[in-house]
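Undergrad: only geometry, no sequence info:
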């Protein structure tokens, strides 16, 4: 949500923001104190402001909101860079709130701009509408003074309560339940047992989760395969033994509920999860490696096997476990484990361990878009680019680094400004040179393919969205079409195309324009591409399939559908700039 200042405000209180009338803010948290809201201004400064000094901007444009958030993110990065490149806990917390807010705005862009906001926006006093200048409320109580009064206790402080009290209930309540349930059933046990329908048997609510955990522990199968196996077994039993069909249905229903449950909605418990426990142990051990001062100065080679084992297990769990369990562990403490893993990668120079870390980063990228955003905001991408140029002879590491860098760039999110210090012209030249002349060790020619993908992803970061490697929203455009449009936008770069290659490209474009329907976004992109080609003098030297192209464009120009309007606008530009003579029907 975006807000603007109604009045000028100055304060010497720590944690508050000073501002001028008309300044704009992005709301980060309005629930901790009803009088003071935590906001970020356009310069990335975060602090508390009196709620009665600001008002919500009702008719804000989506692009303005996104730009404001991006500026705030950029200034947080700049602030961290000026202090050695390490984020403080408060900066990480702020950065995460900004990233989550950006994701929420993008997801809700097609919905009403007010409805989801008004449900969450803190209520404010109506007396502000009178226009009178009210004095600011007292500053908020800081967390260091008293944590319990200003905000709810952190999970770590409440956990002992929830873990210490329930055991008494668990010890006592089953006894009462057994007494009440067994007594009536004992008197009828013999006459009713042979006749009772199995469908009347009760199934524990957590049976599905317990079964999945049991099978996963004993077989080592992935969570997805365990789910498939259990569903197949109980479905077969239900069909083969009709007398137990009712019970099987309840078990299958419990499995389905477990598959649809998540930790965030409270329907999936982490208690007793082997994967959760192992992840916590592994992340703790890797954090110790990062913090080990001896590791920073020289490598203890006798520990390489132990660390390798931890990293291999980490990759296996992230790939095979319930994704919701993995995300719940990673989300804790504002992605502290992710930041520790990135810092450890920076400090670890042994190639074998770096390769295992790169595998783990690759799996993390595919786990959740928010995790990918967190990695992109870190120094990982910069470190990958630096390492690729510094150690280009390590072929396997070069391939892995290129792939992970492409994954990070595939999100299409704006890069921190400081990343471009490393992702510069020299880096792009390095990629292009290796595409043209790959290393001698690359006998299978993997490097050109991987580097082409990386160039496509990096190039698309200068516009809307890059290579689509994950099914995250919003859906990006076609990366190849985008780079082709960029090439033909300039006479210098369009001359790099051989004539035969251009002719083949035009054949493909004509086929795509012929086959695609009105409203197809790809058809619009192909029209933009042919527009760029037709503006180049090199095409008019040969006029390849000019008659076929003209017939195809005329057919689109005469379409009556409303969805064709964007395409017809491009055709008008073609007719005007390229002197094509055809009738356009609107």
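TA: Received the coordinates, thanks. Every value quoted in this text rests on a predicted model; they were computed, and no experiment measured them.

Undergrad: contacts and neighbour counts: CA atoms only from here.
TA: Will do.

Undergrad: go ahead and confirm residue 445 touches residue 436.
TA: No: assessed by Cα atoms under 8 Å, residue 445 is found out of contact with residue 436, at 10.8 Å.

Undergrad: which of these two has more neighbours?
TA: residue 445 (14 against 10; other Cα atoms under 10 Å).

Undergrad: which residue packs closest to the more buried one, ignoring adjacent ones?
TA: Leaving aside its sequence neighbours, residue 445 sits nearest to residue 438 (Cα to Cα, 6 or more residues apart in numbering; 7.1 Å).

Undergrad: and what about the one you found, helix, strand or coil?
TA: coil (DSSP: H, G, I helix; E, B strand; the rest coil).

Undergrad: hmm, it is touching residue 444, no?
TA: No: using Cα under 8 Å, residue 438 makes no contact with residue 444, being 10.1 Å away.

Undergrad: shared neighbours, those two?
TA: Common neighbours of residue 438 and residue 444, counting by Cα atoms under 8 Å, 6 or more residues apart in numbering, are absent.

Undergrad: more neighbours, those two?
TA: residue 438 (17 against 8).

Undergrad: how about the contacts made by the more buried one?
TA: 445, 447-448.

Undergrad: pLDDT score for the residue nearest the centre of the chain?
TA: By Cα atoms, centre = their mean, the chain has its centre lying nearest to residue 369, at 1.3 Å. Residue 369 carries a pLDDT value of 87.

Undergrad: equivalent analysis for residue 171, please.
TA: So, for residue 171, pLDDT stands at 34.

Undergrad: what do you get for residue 444?
TA: For residue 444, pLDDT reads 85.

Undergrad: OK, contacts around it?
TA: Residue 444 neighbours (Cα under 8 Å, 6+ apart): none.

Undergrad: my guess is residue 404 meets residue 362, correct?
TA: Yes: here residue 404 reaches residue 362: they are 5.7 Å apart, a contact under Cα under 8 Å.

Undergrad: can you get me the start-to-end distance on stretch 364-372?
TA: One end of stretch 364-372 to the other measures 7 Å (Cα to Cα, to the nearest Å).

Undergrad: hmm, who's touching that stretch?
TA: Under Cα under 8 Å, 6+ apart, the answer for stretch 364-372 is 99-100, 318, 323, 327, 375, 407-408, 411, 470, 472.

Undergrad: so which of the residues you listed are in helices?
TA: Mapping these onto helices (DSSP state H) picks out 99-100, 318, 323, 327, 375, 407-408.

Undergrad: residue 533: which of those is nearest?
TA: Closest approach to residue 533 among the ones in helices among the contacts of stretch 364-372 (Cα to Cα): residue 407, at 30.4 Å.

Undergrad: tell me the confidence at that closest one?
TA: For residue 407, pLDDT reads 93.

Undergrad: could you shift the numbering so residue one becomes 48, and keep it that way?
TA: With 48 as the first residue, the last one maps to residue 454.

Undergrad: and for it, the neighbour number?
TA: Residue 454 has 25 nearby residues by other Cα under 10 Å.

Undergrad: what of residue 353?
TA: Neighbours around residue 353, by other Cα under 10 Å: 10.

Undergrad: and the contacts of the one helix or strand it maps to?
TA: Here residue 353, judged by DSSP states H and E, is contained in helix 351-367. Residues outside helix 351-367 that contact it (Cα under 8 Å, 6+ apart): 268-271, 322, 326, 329, 333, 373, 400, 403-404, 406-407, 410-411, 414.

Undergrad: give me the buried subset of these.
TA: Restricting these to buried positions leaves 268-270, 322, 326, 329, 333, 373, 400, 403-404, 406-407, 410-411, 414, with burial counted as 16 or more other Cα atoms under 10 Å.
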